[in-house]
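Student: mind folding the following:
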Amino acid sequence: MNKTARIVASKWFALPLCLAPLFFLSWDYFQALSQLKQESSSPIQQVSDANLTSLLKTDPDEEFEDFSFTVSDEDFHEYTGGSFKQIEEGSTGNENGEDNFSFVVSDDQFDAATEALSLQEGVDQEAFIARKMTESASQVKTGANVNERFLHETGNVAIAYFLIVLCLTPLKKIFSRAKLVSALNRHRRLVGLTVFFYAVLHLILYFDDGLNRLFDEWYLFYIQCGLASFVTLSVLAITSNGRAVRKLGGKRWKKLHRVLYLVIPALLYHKGWAGKASPDQIREALIWFAPMLLLQGVRLTKFFSAKKAS
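Tutor: Residues are numbered from 1 along each chain as shown. Sure thing, here's the model as predicted:
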């Protein structure tokens, strides 16, 4: 047990645990952006968008007698099996051989390439344009959803470490002789700074649209709770060093850092009632906070019992 406690007390044990969520969040975030970029730059989408532009510039009364679309040289040679490339490289065959070749494309590629040209007079072109605009908006929404997803995930990580910090002190009070609990309490400052770090990432993702989003949502109470919590955490992070303890004095420093307990109801509301709060969302927030509230309750009960006995 002593050896385990020494390992747990080491910074090389705590530091990877604090940085592990950052690694996984970063990897997942760039994977999502890469996938989104691939989807938005697919050949079918490019051809379809080009046809939409062509349609918007075309006279509605004009009939489509012939059509053509462009593919890259690599795709063209792939579709023709390289036969046309051989002609280009000096084949002595029929000089007009280019008039007698054909190649096969998939139904999806053909439909995408000829989508706009398939419209005939009398067909509702406005409905077609509206659908294309909806598809485009859907891609933008997908990108926004990626940002929104990681906004929630960074917030969840920050709250998780916040709850860990608040569980360490009551664990030490309840299990005062447990060496493993004492070893964990050596990392309170590091875990507290980790809370602030992920809260900063959470705020950065929230301001993805500059201050516009804040101006639109500042009146929402859960947003106000989140901002108030961040300001409080900022003050505690700035004063978490030894210099601040010496300058403020031990008693005043402790009183200042007890403000952390005021953040509990603010973050509980921020998580449970964020956006369109549902019963499941509120229940999840209560489950998250339940262990910490239980430990704090046991700690206070033990404190008042000891005070009454003395």
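Student: all strands for this protein, in order.
Tutor: Assigned by DSSP state E, the chain shows no strands.
Student: domain map for it?
Tutor: 2-39+138-309, 42-124 (automatic domain parsing).
Student: any idea which of those has the lowest pLDDT on average?
Tutor: For the domains of the chain, mean pLDDT drops lowest on domain 42-124, to a mean of 55.
Student: ok, and the closest non-adjacent residue to Tyr198?
Tutor: Computed as Cβ to Cβ, 6 or more residues apart in numbering, the closest residue to Tyr198 that is not its neighbour in sequence is Ala158, at 3.9 Å. Any C-beta I mention is one placed from the backbone N, CA and C, and that applies to glycine too.
Student: separation between the one you found and Arg188?
Tutor: As judged by Cβ to Cβ, to the nearest Å, Ala158 and Arg188 stand 16 Å apart.
Student: can you check Lys308 too?
Tutor: On the measure of Cβ to Cβ, Lys308 and Arg188 end up 28 Å apart.
Student: now swap in Ala14 and tell me
Tutor: 10 Å.
Student: also Gly250?
Tutor: Separation of Gly250 from Arg188 (Cβ to Cβ) stands at 15 Å.
Student: these two: who's more crowded?
Tutor: Neighbour totals were compared for Gly250 and Arg188, and Arg188 leads with 17 against 9 (other Cβ atoms under 10 Å).
Student: quick one: contacts for the residue nearest to the more buried one when sequence neighbours are not counted?
Tutor: Counting by Cβ to Cβ, 6+ apart, Arg188 lies nearest to Leu168, which is 5.4 Å off, once chain neighbours are set aside. Shown in contact with Leu168 (Cβ atoms under 8 Å, 6 or more residues apart in numbering): 181, 184-185, 187-188, 191.
Student: just the buried ones among these, please.
Tutor: 181, 184, 187-188, 191 (16 or more other Cβ atoms under 10 Å).
Student: out of those residues, the closest to Leu256 would be?
Tutor: Arg188 (15.2 Å; Cβ to Cβ).
Student: the closest one contacts Cys167, doesn't it?
Tutor: No - in terms of Cβ atoms under 8 Å, Arg188 does not count as a neighbour of Cys167; the distance is 10.3 Å.
Student: okay, buried residues for stretch 263-270 please.
Tutor: Buried-residue list, stretch 263-270, by 16+ other Cβ under 10 Å: 263-264, 266-270.
Student: can I get the residues you listed in CSV including distance to Val8?
Tutor: Listed next are those as CSV, based on distance: Cβ to Cβ, whole Å:
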residue, distance to Val8
Val263, 26
Ile264, 26
Ala266, 31
Leu267, 27
Leu268, 29
Tyr269, 33
His270, 31
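Student: list just the nearest of those residues to Glu148.
Tutor: Checking the buried residues of stretch 263-270 one by one against Glu148 (Cβ to Cβ), the nearest turns out to be His270, at 15.5 Å.
Student: so what's the closest one up against?
Tutor: 222, 225-226, 229.
Student: quick one: which of the residues you listed is most hemmed in?
Tutor: Ranking these using other Cβ under 10 Å puts Ser229 first, with 24 neighbours.
Student: if I pick it, what's in contact with it?
Tutor: 199, 263, 266-267, 270.
Student: in helices only, show me the buried residues of stretch 263-270.
Tutor: 263-264, 266-270 (DSSP state H).
Student: which of the residues in stretch 18-38 are buried?
Tutor: 18, 21, 25, 29, 32.
Student: state the distance from the residue lying closest to the last one once chain neighbours are set aside to Lys37.
Tutor: Nearest residue to Ala32 in three dimensions, chain neighbours excluded: Val146, at 4.8 Å (Cβ to Cβ, 6+ apart). Distance check for Val146 against Lys37: by Cβ to Cβ, it reads 11 Å.
Student: next: Val200.
Tutor: 26 Å.
Student: could you do Ser182 as well?
Tutor: 49 Å.
Student: closest to Glu74 out of the buried ones among the contacts of Leu168?
Tutor: Closest to Glu74, out of all of the buried ones among the contacts of Leu168 and judged by Cβ to Cβ, is Val191, at 53.1 Å.
Student: which residues touch that closest one?
Tutor: Taking Cβ under 8 Å, 6+ apart, one finds 14, 18, 161, 164-165, 168 in contact with Val191.
Student: okay, and which of those residues map to helices?
Tutor: Reading helices off the contacts of Val191 with DSSP H, I get 14, 18, 161, 164-165, 168.
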